[in-house]
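Undergrad: Using only what follows, build the 3D model:
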Amino acid sequence: MLKKIVSFRNVSGILLVAAVVVAVSLGASRKVVAVSNDTYDSLRTFADVLSMVQENYAEPVEAKTLINNAIKGMVKGLDPHSSYMNPQEYSEMQVDTKGVFGGLGIEISMKDNVLTIVAPIEDTPAHKAGLLAGDKIVKINDKFTKDMSITEAVNQMRGPKGTQVTIHIMREGLDEPKPYTLTRAIIKVKSVKARTLEDGFGYVKIVQFQENTSADLDKALKEITPKDGQLKGLILDLRNNPGGLLQEAVSVSNEFIDKGLIVSTKGRVAGQDMTFNADGVKHQPDYPMIVMVNGGSASASEIVAGALQDHKRAAVLGTTSFGKGSVQTIIPLSDGSALRLTTSKYYTPSGRSIQAKGIEPDIVVGDANKMHVKEKDLDGHLAAEDGSDKKEKPVEKDKQDAPKMKAVEPGDKGGPGEDVQLKRALDYLKSWYIFKAAADKAA
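TA: Numbering: from 1, shown residues only. From the prediction side, this is the model:
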């Protein structure tokens, strides 16, 4: 049996494995697939090139190395999220689901063939050193990043606690790359952070979806809920959340949704079509709720935002999210390596594909950080189903949808250090009670 692990990949190049396993039979009943003559001709050409390189290259090269490089190139050319992982890379990928590793604390992606920082993780060496979203990494130690894969870059920057790595950054305003020498630390990504805001409103930030995120969320909500009642409202902050485990995204959504579809996936193969539904064990009351997103909110965080938005359980506030609507399957291979392959797309409960589009907020409030790389910016990305990533066009709202609030505030930057989006979210939660009181009085 070959196990296929269905998962959602975050934009940092770190694939987080979902708790869904599909067994595929490799027995005698395996279907025979006809291979075209064109395929045989191409394989013959490949064999000829392999032989020529082995016989004529300036230095001896093992056939295994050449074939592995060929596999990497083949899969890399499919889309930004498919890749071939050698045994070491596959092992590190599995470690990522724990949320603990030695490194710098940045999420990276590829834009215009240049390694680009999507977001630094809070309270990490990268964040403390002042690295910014949109920074381009042109060199790691003495190795230039041109043609370097995301996986290779991650391996270069990770390492034992206390060791140093120097990365060279280009950003707007710099005439030449600026070196940052950072000391690696144990990156313990605390998945859930929570506190009580004024007047009994709660605030929860999910940094990424990893093992036990839903359990940590449940614990955090209990801690900030008043002992003599319930929260008056909740702000769920998914900004700069790069994604993570599919099952945890489903479980988090299940905290607030009592029934119905949470997310579905559709692929070319029937076994890749799956649905995930609320189990009816909703833990939270129906208090007013706002979900915050921005261009750094990707994958699993978009699943949660889309589910709560479609079920009209929460209003979404912020700016359009990253737009990663594809599913990667991890296929372990016999030598300990693995193939990470895009096999399907996911859809919100209403049937929306957000691939290369993102989740559009109900309440638009400008993002202080506008340097986010989006899925539609990545080379070779899967196209949006409506073609909107190829040509900008007005978004047509479904006339049957409930009316949505729009609060476009491009000039509202707030004071130094002020989180304008959070302030607006709290204002909207408060206003809900004001309007409710007025309606009750009128009635």
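
Undergrad: Hmm, residue 420 is touching residue 366, no?
TA: Yes - here residue 420 reaches residue 366: they are 7.3 Å apart, a contact under CB atoms under 8 Å. The C-beta positions use only the backbone N, C-alpha and C, and glycine is treated the same way.

Undergrad: Which of the two has more residues huddled nearby?
TA: residue 366 (19 against 16; other CB atoms under 10 Å).

Undergrad: now that one: how far from residue 251?
TA: Residue 366 sits 32 Å away from residue 251, going by CB to CB, to the nearest Å.

Undergrad: Helix, strand or coil: sort out the spatially closest residue to residue 372 that is not a sequence neighbour for me.
TA: Using CB to CB, 6 or more residues apart in numbering and skipping residues adjacent in sequence, the residue nearest residue 372 is residue 295, 2.8 Å away. Applying DSSP: H, G, I helix; E, B strand; the rest coil to residue 295 yields a three-state assignment of coil.

Undergrad: and residue 295, how many neighbours?
TA: Counted with other CB under 10 Å, the neighbours of residue 295 add up to 26.

Undergrad: where do the strands sit along the stretch 201-350 of the chain?
TA: 201-206, 233-237, 261-267, 274-277, 289-293, 315-318, 326-332, 338-347 (DSSP state E, counting those that start in this stretch).

Undergrad: could you dump the ones you listed to CSV with mean pLDDT?
TA: As requested, these are exported to CSV (pLDDT from 0 to 100):
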stretch, mean pLDDT
strand 201-206, 97
strand 233-237, 98
strand 261-267, 96
strand 274-277, 96
strand 289-293, 98
strand 315-318, 98
strand 326-332, 90
strand 338-347, 94
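
Undergrad: Need the winner for burial among those strands.
TA: Ranked by mean neighbour count, the strands of the stretch 201-350 of the chain are led by strand 289-293 with a mean of 27 (mean count of other CB atoms under 10 Å).

Undergrad: Which secondary structure elements does that one sit against?
TA: Judged by 3 or more CB pairs under 8 Å, 6 or more residues apart in numbering; DSSP states H and E, the packing partners of strand 289-293 are strand 233-237, helix 300-310, strand 315-318, helix 420-442.

Undergrad: can you tell which of the ones you listed is closest to residue 109?
TA: Comparison of the helices and strands packed on strand 289-293 against residue 109 by CB to CB identifies helix 300-310 as nearest, at 15.0 Å.

Undergrad: tell me the mean pLDDT over the closest one?
TA: Here helix 300-310 scores 97 as its mean pLDDT.

Undergrad: Direction-wise, compare it with strand 201-206 and give the angle.
TA: 140 degrees (axes from the mean of the first three to the mean of the last three CA atoms, to 10 degrees).

Undergrad: what about helix 300-310, distance to the chain center?
TA: Centroid separation between helix 300-310 and its chain, computed with CA atoms, centre = their mean, to the nearest Å, is 12 Å.

Undergrad: Mind giving me the packing neighbours of it?
TA: helix 246-254, strand 261-267, strand 289-293, strand 315-318.

Undergrad: Now render these as JSON lines, adding distance to residue 283.
TA: Formatted as JSON lines, these follow (distance: least, CB to CB, whole Å):
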{"stretch": "helix 246-254", "distance to residue 283": "8"}
{"stretch": "strand 261-267", "distance to residue 283": "15"}
{"stretch": "strand 289-293", "distance to residue 283": "13"}
{"stretch": "strand 315-318", "distance to residue 283": "20"}
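
Undergrad: just so I know, which of these lies nearest residue 71?
TA: strand 261-267 (21.5 Å).

Undergrad: Now do the closest one: which elements does it pack against?
TA: Using 3+ CB pairs under 8 Å, 6+ apart, strand 261-267 is in contact with helix 246-254, strand 274-277, helix 300-310, strand 338-347.

Undergrad: right, so of the ones you listed, which gets closest to residue 64?
TA: Minimum separation from residue 64 across the helices and strands packed on strand 261-267 (CB to CB) falls at strand 338-347, 16.3 Å.

Undergrad: Show residues contacting the closest one.
TA: Residues outside strand 338-347 that contact it (CB atoms under 8 Å, 6 or more residues apart in numbering) are 6, 8-9, 15, 75, 78-79, 81-85, 90, 93, 263-269, 272-273, 303, 325-333, 353, 355, 382.

Undergrad: re the thing from before, any chance of the helices and strands packed on strand 261-267 in a markdown table with distance to residue 428 as columns?
TA: Compiled in a markdown table, the helices and strands packed on strand 261-267 are given as follows (distance: least, CB to CB, whole Å):
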| stretch | distance to residue 428 |
| --- | --- |
| helix 246-254 | 21 |
| strand 274-277 | 29 |
| helix 300-310 | 15 |
| strand 338-347 | 28 |
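
Undergrad: Now do the one helix or strand residue 64 maps to: distance to the chain's middle.
TA: Using DSSP states H and E, residue 64 sits within helix 63-76. Relative to its chain's centre, helix 63-76 lies at 26 Å (CA atoms, centre = their mean).

Undergrad: quick check: angle from it to strand 338-347?
TA: Using the same axes, to 10 degrees, helix 63-76 lies at 10 degrees relative to strand 338-347.

Undergrad: Show me what helix 63-76 is packed up against.
TA: With 3+ CB pairs under 8 Å, 6+ apart as the test, helix 63-76 has helix 37-56, strand 83-85, strand 338-347 packed against it.

Undergrad: Which of the residues in that helix are classified as buried?
TA: 71-72, 75-76 (16 or more other CB atoms under 10 Å).

Undergrad: ok, now stretch 118-126?
TA: Neighbour count says stretch 118-126 has 118-121, 124-126 buried, by 16+ other CB under 10 Å.

Undergrad: farthest pair in those residues?
TA: Distance extremes for the buried residues of stretch 118-126: the farthest pair is 118 and 125 at 16.5 Å, using CB to CB.
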